[in-house]
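[1] build the 3D model from these lines:
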Amino acid sequence: MDTNLPIEVPSLSRRQLLNFLTGATVAATTGSALYVAGNFFMPPSEKTGPGGAILARDALGNLIPATQILAEPPGTRALVAGLAGEPTYLIVTEDNTLDGIGIVDNCTHLGCTFPWNPLDQQFQCPCHGSLYAPDGSVVRGPAPLPLKIVQVNVSDNSILISPWTTTDPRTGQQPWWV
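    From the prediction side, this is the model:
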């Protein structure tokens, strides 16, 4: 007769269980910290309209209603954050609507931003002296190209800015930035 009892080995020892619980805790903590860090470094997705249109915003990222800009007198050039956050001038026309063309405020010489000079009725780059006409075409260099333009539409008091992809109305040619 066999008097020996079989010794069963447990499928999971106490040490293995504690190692598993420690590893799971570290993995969960690290994963949640990486998720939070990843969301912090990823910019929020912006809702876009047809053709890649975005909503005009101010320097702080707040939406700008069309009525706010249209309250200004005709001929006013309002600076907003446009496509990819580029500073963009929107123009109030004589009939108190927004012009369908916005002018991006980046000098085509070295990318400087510059102000609109209402006295001289032109954009004046202070860095190297480039001058642009009210429509963004070059008056005096060293800037080699006219300013980039964007399409501007108003819908339900929201200002939509979209890329300009058709023929440049100032030159009659394909835009240089497309």
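
[2] what domains does the record give for the chain?
    10-42, 50-163 (automatic domain parsing).

[3] could you give the mean pLDDT of the longest one?
    It stands for domain 50-163. Mean pLDDT, computed over domain 50-163, is 84.

[4] check the shortest one too.
    Averaged across domain 10-42, the pLDDT comes to 88.

[5] that older thread, now, of the domains of the chain, which is deepest in the fold?
    The highest mean neighbour count among the domains of the chain, using mean count of other CB atoms under 10 Å, belongs to domain 50-163: a mean of 16. The C-beta positions use only the backbone N, C-alpha and C, and glycine is treated the same way.

[6] past the helix or strand containing Tyr89, which element shows up next along the chain?
    Tyr89 belongs to strand 87-91 when assigned by DSSP states H and E. Next helix or strand after strand 87-91 toward the C-terminus (DSSP H and E): strand 101-104.

[7] parallel or antiparallel, list what pairs with that following strand.
    Counting by DSSP bridges, the strands paired with strand 101-104 are strand 87-91 (antiparallel), strand 149-155 (antiparallel).

[8] export those strands to CSV and append columns for distance to Asp168.
    Below are the strands paired with strand 101-104 laid out as CSV (distance: least, CB to CB, whole Å):
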stretch, distance to Asp168
strand 87-91, 16
strand 149-155, 7
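
[9] alright, calling it a day.
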